[in-house]
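[1] Compute the structure for the input listed below.
(one chain, ligands or ions: 1)
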Amino acid sequence: MSSHGFQTDDSRLTSIKDRVLACERLSADDALALYCSADILAVGWLANHVRERMHGDKTYFNVNRHINPTNVCIAACRLCAFGRKKDAPGAYTMALEEAFQTAASGYSEAVTEFHIVGGLHPDLPFQYFLELVSGLKARFPQVHLKAFTMVEVAYLAKRAKLSIAETLRQLKEAGVDSLPGGGAEIFADRVRHIICDHKIDGDQWLDTARLAHQTGLKSNATMLYGHVENDEDRVDHLLKLRALQDETGGFQTFIPLAFHPDNTPLEHLPRTTGMLDIRQIAVSRLVLDNFPHIKAYWQMLTPKIAQIALRFGADDLDGTVIEEKIYHDAGATTPQGMRRQELVRLIRDAGREPVERDTMYRPVIRTETSVTVAV
Ligand code: V47
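    Numbering: from 1, shown residues only. Coordinates of the predicted model:
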């Protein structure tokens, strides 16, 4: 492929461009240069080149619903506005029936995925989670269950006194189809101590992801940026994910998550800027050469920035979501859900081709009366 249209005065980007065009892997120094470059358009050109090489104009989205069974959490992470102590005002835990009713409510559009995450509840038994999953599977057999972050899995294993591998096996048997990417935050200890001191550490997150992939469960991966981390921490995070992906091939999508400080103990920190959001998408696309997809999660980026991200390396917008809580507790002003047609409009208006997908990225075909997955 040619570099037609690529122009920059940044000599480091010129040498990175040669490697990108030759499909060669970028180094830690290259990644740092991408974070530092003043030429955001050239960085974006490179990321867009890779994105189009992998996906052309295709831009994925799905029709999904979030279910957060409890916000009770022992961890008290400084990054979080969602978690509550058990007896604190606003703490809730859904009875199983309530969770099933929540799953069924919302828009009439046929949902293909439930995204299920919650707090680390000190009393709920493992059985609750197994019954939640098997009950949802029985009631909604056609819906993919993307459930429980690595952090939740490690906590459930500890509480049930099972190995992580056995916990994953039982969750899979109950009906979990894949795992979301949350809880990764930033792997570097220095940062983790400040933003999420009581969570599993970075190596444990990676070990749990490895075991999930070995159990036959695909997962996503995230990175929380825009708080107290620096460029080196971000590069370290990306390279660790890339190394694990070389080993397992189990990651589907990388989702950079912009930190929202409102109502958290880190409220004094400023919000991320649009430039950082766009740059983070582009650097992710360029460094994570073995990740099939980069998601611009519209809930956290805003629909407008997420749409621009589709020209800076992202090929996925997430979905209709319906009832997002984690960001909204932290001050997000985006709507809590979006209609399928609105997602399609955003993608088309970015000059891209919308493809409704299921969680495994198989195209979903809708007619007036049915929803089928193309295999
Ligand atoms: O792990 C929590 C983040 C994550 C805040 O896998 C915050 O498809 C910003 O992982 N400001 C949960 N971020 C969300 C998540 C996710 C979202 C969409 C799709 C997928 C997927 C995964 O949200 C947490 C944490 O990193 N988070 N609090 C906050 N105040």
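[2] Enumerate the residues of the stretch 101-250 of the chain near the ligand.
    Residues of the stretch 101-250 of the chain lying near the ligand by C-beta under 6 Å from any ligand atom: 180-183, 185, 220, 222, 224. C-betas here are computed from N, CA, C, even on glycine.
[3] Could you point out the helix or strand that follows the longest helix seen in the chain?
    Longest helix in the chain by number of residues (criterion: DSSP state H): helix 231-248. Using DSSP states H and E, the helix or strand that directly follows helix 231-248 along the chain is strand 251-258.
[4] Give me the distance between the helix or strand where residue 19 lies and the centre of its chain.
    Using DSSP H and E, residue 19 falls within helix 11-21. Centroid displacement of helix 11-21 relative to its chain, using C-alpha atoms, centre = their mean, to the nearest Å, is 28 Å.
[5] domain assignment for the chain?
    Domain assignment for the chain by automatic domain parsing gives 11-51, 59-373.
[6] In a markdown table: the ones you listed, plus mean pLDDT and mean neighbour count.
    Below are these laid out as a markdown table (pLDDT from 0 to 100; neighbours: other C-beta atoms under 10 Å):
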| stretch | mean pLDDT | mean neighbour count |
| --- | --- | --- |
| domain 11-51 | 97 | 18 |
| domain 59-373 | 94 | 19 |
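[7] can I get those domains in JSON lines with distance to residue 4?
    Listed next are those as JSON lines, based on distance: least, C-beta to C-beta, whole Å:
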{"stretch": "domain 11-51", "distance to residue 4": "10"}
{"stretch": "domain 59-373", "distance to residue 4": "16"}
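[8] from the middle of its chain, how far away would stretch 64-75 be?
    Worked out by C-alpha atoms, centre = their mean, stretch 64-75 lies 15 Å from the chain centre.
[9] What's the nearest residue in the stretch 1-150 of the chain when you look at the ligand?
    When scored by C-beta to the nearest ligand atom, the stretch 1-150 of the chain has residue 80 as its residue closest to the ligand, at 4.4 Å.
[10] likewise the stretch 51-200 of the chain?
    residue 182 (2.6 Å).
[11] doesn't residue 151 make contact with that residue?
    Yes: using C-beta atoms under 8 Å, residue 182 is in contact with residue 151, at 7.3 Å.
[12] I'd like to know which elements the helix holding residue 19 is packed against.
    helix 28-36, helix 40-55 (3 or more C-beta pairs under 8 Å, 6 or more residues apart in numbering; DSSP states H and E).
[13] Tabulate the ones you listed (TSV), appending distance to residue 294.
    Shown next, in TSV, are those (distance: least, C-beta to C-beta, whole Å):
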stretch	distance to residue 294
helix 28-36	14
helix 40-55	7
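[14] Tell me which of the ones you listed lies nearest to residue 203.
    helix 28-36 (18.5 Å; C-beta to C-beta).
[15] What backbone torsions are found at residue 222?
    With angles defined as degrees, to the nearest 10, residue 222 sits at phi -120, psi 170.
[16] Name the nearest residue to it, sequence neighbours excluded.
    residue 181 (4.1 Å; C-beta to C-beta, 6 or more residues apart in numbering).
[17] when you scan the helix or strand containing residue 61, is anything in it near the ligand?
    For residue 61, the element it lies in under DSSP H and E is strand 58-62. No: using C-beta under 6 Å from any ligand atom, strand 58-62 stays clear of the ligand, coming no nearer than 9.3 Å.
[18] Can you tell me what sits against the helix or strand that comes right after that strand?
    Tracing the chain C-terminally past strand 58-62 and defining elements by DSSP H and E, one meets strand 64-67 next. Strand 64-67 is contacted from outside by 99, 102-103, 106, 111-117, 146, 318-325, 359, using C-beta atoms under 8 Å, 6 or more residues apart in numbering.
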